[in-house]
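# please find the sequence and the predicted model below.
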Amino acid sequence: MAVIASPPGINPRPPFDPAVLLVAPAAALMVMFFVYPFAYGLLLSFQPAQGGVFQNYIHFFQTGDLWKTIGNTMQLALPATVINVVCALAIAYATRSKSPNQRLLSTLLVVPLTLGTVLIAEGMLTYFGPQGWLAQSLRWLHLYEGSIRLTHNYWGVLISLVITGFPFAYLLILSYITGIDPALPRAAATLGADGWNRFRHIYLPLLMPGLVMAFCLSFVQAFSVFPSAVLLGSPAGTTRVIAIAAYEAAFEQYDYSLASAIAMIMGLAQLVIVVAALGLRSMFYRGPVAGGKG
Amino acid sequence: QPVTLNVVDVAGNLALTQDALEAFAAKNPTLVSRITFTKAPAPELPGKIRAMQAAGRTDIDLVLTGTDALAAGIALNLWEPLLPAQAAKFPGLLDNYLPSARKMQDLSNGQGIMVTYMPAGPLLEYNPDKVKVVPKTPAELLSWCKANPNKLIYARPANSGPGRTFLMGLPYLLGDKNPKDPMAGWDKTWAYLKELNSCIEYYPTGTGAVMKELGEGSRDMTVTVTGWDINPRALGVVPKSFKVAQLNGFTWVNDAHYMVMPKGLSPARQAVVLDLMAFMLKPEQQALTYDAGYFYPGPAVKNVPLSAAPQKSQDVIKEFGRPEYADWIAKQPHAQPLEDKAMVAAFKKWDQEIGSGKAK
Amino acid sequence: MSTNAWNAGALRDRAWRALIWGVIAFFLVNVGMLIVAVATNSVATRWLGTWLPEAYTTGWYLSAWKEFQLGHVLVVTVVVVFSVVFFSLLLGVPAAYTLARKDFRGKKLLMLLFLLPLMVPPITYGIPLATVMYQLHLAGTLPGVIIANMIPALPFVILVMTPFVEQIDTNIESAARVFGANTRQMFIYTLVPLLAPGVLAAGLLVLVRTVAMFELTFLVAGPDSQTLVVALYYAVFAAGVRAGQSVDAMAMIYMAITMLWLLIALRFVNPTQLVSRVKEHPVNA
Amino acid sequence: MAGQQNAAANGARKNEFRQLRLDGVSRQFGGANALDRLSLTIERGEFIALLGPSGCGKSTALNCMAGLLPLTSGSIWLDQQRIDPLPPEKRGFGMVFQNYALFPHLSVSRNVGFGLKMRGVPAAEIDRRVAAALDTVQLQAHAGKLPGQLSGGQQQRVAIARAIVIEPPLILMDEPLSNLDAKLRIEMRSEIRRIHRAQGCSTVYVTHDQDEALAMADRVVVMKLGVVQQIGTPQDVFARPAKLDIARFMGYRNVLPVNVMQSDGAGVTVEGAGSLRLPGTAMQALPLGSAVAAIRPDEIVIGEGPNAFAGTVETAEYGGREWLLQVRTVFDELLYVRSAAVVTPGDRVMLSAPPERVLVYAKED
Amino acid sequence: MAGQQNAAANGARKNEFRQLRLDGVSRQFGGANALDRLSLTIERGEFIALLGPSGCGKSTALNCMAGLLPLTSGSIWLDQQRIDPLPPEKRGFGMVFQNYALFPHLSVSRNVGFGLKMRGVPAAEIDRRVAAALDTVQLQAHAGKLPGQLSGGQQQRVAIARAIVIEPPLILMDEPLSNLDAKLRIEMRSEIRRIHRAQGCSTVYVTHDQDEALAMADRVVVMKLGVVQQIGTPQDVFARPAKLDIARFMGYRNVLPVNVMQSDGAGVTVEGAGSLRLPGTAMQALPLGSAVAAIRPDEIVIGEGPNAFAGTVETAEYGGREWLLQVRTVFDELLYVRSAAVVTPGDRVMLSAPPERVLVYAKED
Ligand SMILES: Nc1ncnc2c1ncn2[C@@H]1O[C@H](COP(=O)(O)OP(=O)(O)OP(=O)(O)O)[C@@H](O)[C@H]1O
Ligand SMILES: Nc1ncnc2c1ncn2[C@@H]1O[C@H](COP(=O)(O)OP(=O)(O)OP(=O)(O)O)[C@@H](O)[C@H]1O
Ligand SMILES: [Mg+2]
Ligand SMILES: [Mg+2]
């Protein structure tokens, strides 16, 4: 360790904090294996099979069944994300406290995470099918005789997004919630805050950074929905999501250039929402959630 | 020095040919030390091969594919030309194919060798308890459908073999201008499909879902192909008692699987692969492709009777097969499926004009 | 009067609670039935619109096992998934720490670098990535598959972990440092235990996503490095006839392997954070 | 809306309570009794101090009163109403937490205004009252900061302001002045007393500072290991600790083994270290024989006098107003003594103690 | 491994340091100076107390020394080595945090053993030393608990044990006894002094308790608003505060406006409230005319004597050893006075103060 001799008053402290290096390995991996392929894809999107540099993009926005996919995807992804995050928040909040069954319950609620889109699709087709258990039970109970249409349409995809997305959001939000020092809601209670106000004024603001992150990740996941949109939706109609368009361009027409362009548009559409959400996040308190000593 | 061959199947063909491929390895230990089998969905494969070839390292030796990936590979220039360059390896190839199958070989543009063949459809499959009067023409089908709304079902053509066979077979049945040109020549077909649309509740995205609904009794009729008729009944998805019918004067829209070789292999490996391909066309190997009726009949070459197939295969086909098929295959004309570009265009048009109409 | 008001409050509370538990029960029952339906179908010989199948068989599992050489595939899957989870946590948690705690030039750009892989679909970069991997002789090998899967997994870990790191009291880090812990030790002895629930959550989610990651795995995998999802997708999307039961059997195997990990992980770490577990007063002694 | 009116109504009713009664309140943690059958009646307007060694259950007692800890057994009554099943927010008590428990995401003024907001007080009035409370704790200049940007003492004052601003009928304070400097502490003490008197509320005040307890409280509750040892006026507790333990805790640092020679009601004469005879006051019924005498360092007088005995100064520590001495005498233990005059180690001094300040207790086992 | 040896080696080297020098150390928070050009040299073995009102920058100073806060300007030197760019873990100091900063996930004993573990001390020795440290702070019984299960005072003692167990060359303590009861506090004080002496380390000790500073420190640093006001021995700072401010902070509660009538070196005679004349001691160069006199309540003597003046007791508060009186005299302000005898409001008393304890300062603006 060299003795640093410099006149007092001037700080030799390097403007560079070595802890920043902790991000280096991750960044290096991304630069090595993501940046080049991504740049390649980006360039490719500007090299259409025919036409000018922006031809792919022009094509996208001029073709009805392409640009409409953005709307279709948003119509699926936003409600699904909101449902997931809101339900996960409510349920995680209700199940946050220590109780004998809390662990069992949280495990049960997380389990659907492991199902996989295929199993969910198969399960929904079987269970919600015209002769599935649900229909049979309803008929047996004389509750409803008609046909249940929960698959091969918008609702099928939405349900499957909820089944996969809810546990995801739940697991995240539950862990975020339990990071909050329980002394704070207790303090709020002594100040007269009832359950709702404690949630509204203590938990919610402190959770906001985590919630926004959970929202972003849920949204990104829902936005790129593909297999269930095909298996459970009507990929020619309302659930023709943008990933299907990209898929068809890449793997049916083998127009990788157009596919890249669609994928770029897809990324951009998500970026708009995600950046907006992250911007919102920076408006909230982010920091330690402890309230004093001890 | 024996090599390890990497075989990729994107068509479900290994069910028919894996035994034969392994037999080759067993018979030629000096050429092949081991064969690895990989199964993959068709659409993604060309991308993978492209990535390999861009890096100059192809490590897939043989691809078993249907017409879709075959055409994609041709368009992307992925396959090694086989004919006429390697014609010497395949003496009398074309003459040896079944007459009805022969034209399917042309689809490969000399870059693939057809290995199995199915005349496919379109056929109607129905529940004999519910359908007493079986439609004989497209018009009767339409009126039956209208009389029994939501009882006819077929899958989105882009995701379903029977669906697309039906789509491609209709222009022949309806006498459209140009059955090979879905955009300009299919006026009657599109009009018919639109009409039919009114009595169909929705289009599942996969034949599996169709067969399930048919099997459990939610629907009474669907369109099918030979393999999808026999095999699901053998598997127990559809009751054995269900029947098939033909529409009068229909034209078979055929289907086939091909063996192709990606570019970029060393000459030594190429030689082995070519030997393997030739081996696969021998009658003993072809007889294995009867299997469980999954690609009925299966063999692409002449003189491979069912009796040459393994006993198990014979038993299944005896129980679930349709004696009438032989007759239909012999009597009805055969046609090739649409070319790849036209097919994609047809799917698109179907999606836009038929499928999206069902959006709720 | 006030008692009435109080009762009204209690009533509202109870109604809300009932609603929540109702939703939970509804969700669990339906998802449970859905799983049971698939499980039943996967062992059914024939199940045609009745309450229960005609007869049962394990044949679908056996044939799927044989057809896809699942023994080997499962080993590969486990190795790949474990490695991806491990390495993305190893690299991701420190990175998240830095992004949450430090301010430095280029941080915004870095954030974008970590956001993009989550948002652009692998279609864009999958093929060029595979090309690079083939050139580096990484494709077709396990390390190649692992690295490819880390492209979306690592940013995911970073984003999930950032709020967790922010929640932790900086004083605790300070204390660790004052008492002689260097950065590595501070991580091992204080941050990681305190972040355990976050690490667990991130790990589980990455696990699930990696098990499901089809495109990148497929593009860079060789014949010996395919994972389960490739087999599953083949079963679902490949041309040709396949019995629903067979697909269901595959889906069940897929679920079983993910769930096994989930249960193991939850067995050892509770998703609730320690702070709250200790400070939450035991309801009754 | 309904909730707010409700709270206000409740608050109004509770403001009129006459007494808070704890009845055998106990709390265990994993089998160990942190609080053992605490029974205590707090009259309206009373200022109660809880005093006791670290870990004796003071905070536990406060938490039980506030409704933050469920009781293991016992009950709490507000006049005729049993309140121990009520959640904290229904009790309407104010509390200063030992560890502050400030809301990290709210500015100082919003932390302080939180309770008022929950009570549905109009914004303008909140502002006014928050400003006044911040004034009281001398934090006007820091109103906009977040708790994380405050010094320890500033945080503690925010916690105080937050509790007093809601003018609760009962205010619970857990060592609210521990992190403040002497000057501020004295100022805050009188502020708290003033507010207590002005609002006519009851206060339960935990402190480890005897001066504070003595100066502020109407009654002092002395606890040890979760059990109440003595309840009395400050003078009582301070001058006449009921047990040797309490005496020790109250600063009777000199505890000497003696023999009771003669007992005459409260007045006893004891003999220590062989021959020394001291008159003292018996705090318990005492048989003749072994006992202990407890004397505070500051009650030992330096200088000649009746009953004086000699000693040698061993150490002398500067203590601001006076010197703290350790003096070797005939007793085995060194005696702690305070001296206003400068004394240096080695000096010989004569010591004596007034009989009423020599407290004699039965010997401990 | 390398890191540990390195740390050990460093530790060994630093153990031999002769002095720690702060040179114009400043720290700003968003423009406001929390610490302003602090220059201070701490000799090996010295016990320094930092004293000052809440929010004056004491904790900031400690954090700067520990390396937890980067300096805005200035430098810190350990003998010849400049250490302010060194990260905290390289400095090897011990610290008791004002807010404890215990590791919530580690049991008490593992909290205490943390520093030793980081230094690569063998497990058996860790156990031994941890047990000894827990003994010192009287927490043996709680060794297995998590910090969240401890009372406030217990947590604070864990923080103390954690800092002393590593036997650092410099130990920084931020109000380490604030949450302890009087008895324990006095015991801990002497433990800390003992350890300080036994290990020969230097200690910087922040406290708000003047008694503590006076009893423990070799030198006291008095701060205000981030600026050092006075550095001196406890006696100096206590008996002769350099400024009126410091005097106020030091408990000179009676600050009276006076006129300097006559000045004779340090001895001055002042006149207050019209006619009253008092001899006093000038703490600064004083012109004749307006000034202020500061007197501690306990240095006002009750009883007749030279310079005595009369007053009426307004309030009397019990303060344990004595009564705290507020007495109305000729001055406008009430005088704070202590009385050992029982006095009741309304009594007339005569007051006087020794001239050397009447400190006269220039008038504040
Ligand atoms: N959650 C808990 N689990 C186990 N023991 C606990 C828990 N909380 C408190 N205790 C124990 O209960 C006893 C009383 O704690 P309490 O906080 O009431 O003490 P206190 O009188 O406030 O002490 P202090 O003056 O140090 O704050 C302590 O010995 C403590 O260790
Ligand atoms: N992060 C911060 N941002 C802004 N101001 C701060 C921050 N930290 C401390 N301060 C301010 O700096 C000043 C000095 O704080 P410091 O903690 O050093 O005080 P202290 O002397 O330790 O006081 P106490 O005795 O109350 O603990 C305070 O006025 C405080 O409000
Ligand atoms: Mg306490
Ligand atoms: Mg401080």
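Everything's here; your move. Ligands and ions are numbered 1, 2, ... in the order given.
# any idea whether the residue of the stretch 1-150 of chain A found nearest ligand 3 is helix, strand or coil?
Nearest residue of the stretch 1-150 of chain A to ligand 3: A:Lys98, at 22.2 Å (CB to the ion). For every residue, glycine as well, the C-beta is placed using N, CA and C. On the three-state scheme (DSSP: H, G, I helix; E, B strand; the rest coil), A:Lys98 is labelled coil.
# repeat for C:Thr124
Here C:Thr124 is recorded as helix under three-state DSSP.
# from chain A, how far out is it?
According to CB to the nearest CB, to the nearest Å, C:Thr124 and chain A sit 4 Å apart.
# where does the residue nearest to that residue when sequence neighbours are not counted sit, in terms of helix or strand?
Leaving aside its sequence neighbours, C:Thr124 sits nearest to A:Gly41 (CB to CB, 6 or more residues apart in numbering or on different chains; 3.5 Å). Element membership of A:Gly41 [criterion: DSSP states H and E] is helix A:36-45.
# quick check: next helix or strand after that helix?
Following helix A:36-45 in sequence order, the next helix or strand is helix A:55-62 (DSSP H and E).
# what's that following helix packed up against?
Counting contacts by 3 or more CB pairs under 8 Å, 6 or more residues apart in numbering or on different chains; DSSP states H and E, helix A:55-62 is packed against helix A:64-94, helix A:256-282.
# residue 111 - how many residues pack around it?
Going with chain A. Using other CB atoms under 10 Å in any protein chain shown, A:Val111 has 20 neighbouring residues.
# nope, chain D
For D:Asn111, the neighbour count with other CB under 10 Å is 28.
# can you pull the contacts of it?
Shown in contact with D:Asn111 (CB atoms under 8 Å, 6 or more residues apart in numbering or on different chains): D:Leu102, D:Phe103, D:Pro147, D:Val158, D:Arg162.
# tell me the buried residues within those residues.
Neighbour counting over the contacts of D:Asn111 (16 or more other CB atoms under 10 Å in any protein chain shown) leaves D:Leu102, D:Phe103, D:Pro147, D:Val158, D:Arg162 as the buried ones.
# out of those, which is nearest to ligand 3?
Using CB to the ion, D:Leu102 comes nearest to ligand 3 of the buried ones among the contacts of D:Asn111, at 17.0 Å.
# where does the chain have low pLDDT?
Let's take chain A. In the predicted model, chain A carries pLDDT under 70 at residues A:1-16, A:291-294.
# should've been chain C
C:1-9, C:239-240, C:271-285.
# distance check, D:Gln80 against D:Pro169.
If you measure D:Gln80 against D:Pro169 using CB to CB, to the nearest Å, the figure is 15 Å.
# check D:Arg189 too.
21 Å.
# who has more neighbours, the two?
It is D:Pro169, of D:Arg189 and D:Pro169, that has more neighbours when counted by other CB under 10 Å, with 23 against 20.
# surely the more buried one and D:Phe17 touch.
Yes: counting by CB atoms under 8 Å, D:Pro169 touches D:Phe17, with 6.0 Å between them.
# pull out the buried positions in the strand or helix carrying B:Asp275.
Element membership of B:Asp275, judged by DSSP H and E, is helix B:267-280. Across helix B:267-280, burial judged by 16+ other CB under 10 Å covers B:Arg269, B:Gln270, B:Val272, B:Val273, B:Leu274, B:Leu276, B:Met277, B:Ala278, B:Phe279, B:Met280.
# mean confidence score for whatever helix or strand comes next after it?
Once the chain leaves helix B:267-280, the next helix or strand it forms, by DSSP H and E, is helix B:283-287. Mean pLDDT, helix B:283-287: 79.
# so the helix holding B:Asp275, near chain C or not?
No: with CB under 8 Å from any CB of the partner chain as the criterion, chain C is not reached by helix B:267-280; the gap is at least 14.5 Å.
# just checking, what packs against that helix?
Looks like helix B:267-280 contacts strand B:3-9, helix B:14-27, strand B:62-65, strand B:112-121 (3+ CB pairs under 8 Å, 6+ apart).
# with mean neighbour count added, can I get those in CSV?
Shown next, in CSV, are the helices and strands packed on helix B:267-280 (neighbours: other CB atoms under 10 Å in any protein chain shown):
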stretch, mean neighbour count
strand B:3-9, 21
helix B:14-27, 18
strand B:62-65, 27
strand B:112-121, 27
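# to D:Tyr318, which of those lies closest?
Taking CB to CB, strand B:3-9 is the member of the helices and strands packed on helix B:267-280 nearest to D:Tyr318, at 89.7 Å.
# tell me the strands beside that closest one, with direction?
The strands beside strand B:3-9 in its sheet (DSSP bridges) come out as strand B:32-39 (parallel), strand B:62-65 (parallel).
# and the most centrally placed residue in chain A, what element?
The centroid of chain A falls nearest to A:Ser218 when counting by CA atoms, centre = their mean (1.4 Å). Under the criterion of DSSP H and E, A:Ser218 resides in helix A:204-223.
# buried stuff in that helix?
Of the residues in helix A:204-223, A:205-223 count as buried by neighbour count, 16+ other CB under 10 Å.
# and if you look at stretch D:117-137?
Buried, per 16+ other CB under 10 Å, within stretch D:117-137: D:Lys117, D:Met118, D:Arg119, D:Val121, D:Ile126, D:Arg129, D:Val130, D:Ala131, D:Ala133, D:Leu134, D:Thr136, D:Val137.
# once you drop chain neighbours, what's closest to the last one?
Leaving aside its sequence neighbours, D:Val137 sits nearest to D:Arg157 (CB to CB, 6+ apart; 3.8 Å).
# right, is whatever helix or strand the one you found lives in up against ligand 1?
Assigned by DSSP H and E, D:Arg157 falls within helix D:152-164. No: figure legend: helix D:152-164 not in contact with ligand 1 (CB under 6 Å from any ligand atom); closest approach 14.0 Å.
# for that helix, the averaged confidence score.
Mean per-residue pLDDT for helix D:152-164: 92.
# parallel or antiparallel, list what pairs with the helix or strand that that helix is followed by.
Next helix or strand after helix D:152-164 toward the C-terminus (DSSP H and E): strand D:170-174. Neighbouring strands of strand D:170-174 in its sheet, by DSSP bridges, are strand D:94-96 (parallel), strand D:202-206 (parallel).
# redo these as CSV? Include mean pLDDT.
Below are the strands paired with strand D:170-174 laid out as CSV (pLDDT from 0 to 100):
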stretch, mean pLDDT
strand D:94-96, 92
strand D:202-206, 93
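# flag every residue of the stretch 1-150 of chain C that's near chain B.
Within the stretch 1-150 of chain C, the positions adjacent to chain B are C:45-49, C:67-69, C:126-128, C:130-135, C:137, C:139-140 by CB under 8 Å from any CB.
# switch the cut-off to 10 Å
Within the stretch 1-150 of chain C, the positions near chain B by CB under 10 Å from any CB of the partner chain are C:41, C:44-50, C:53-55, C:57, C:60, C:67-69, C:123, C:126-137, C:139-140.
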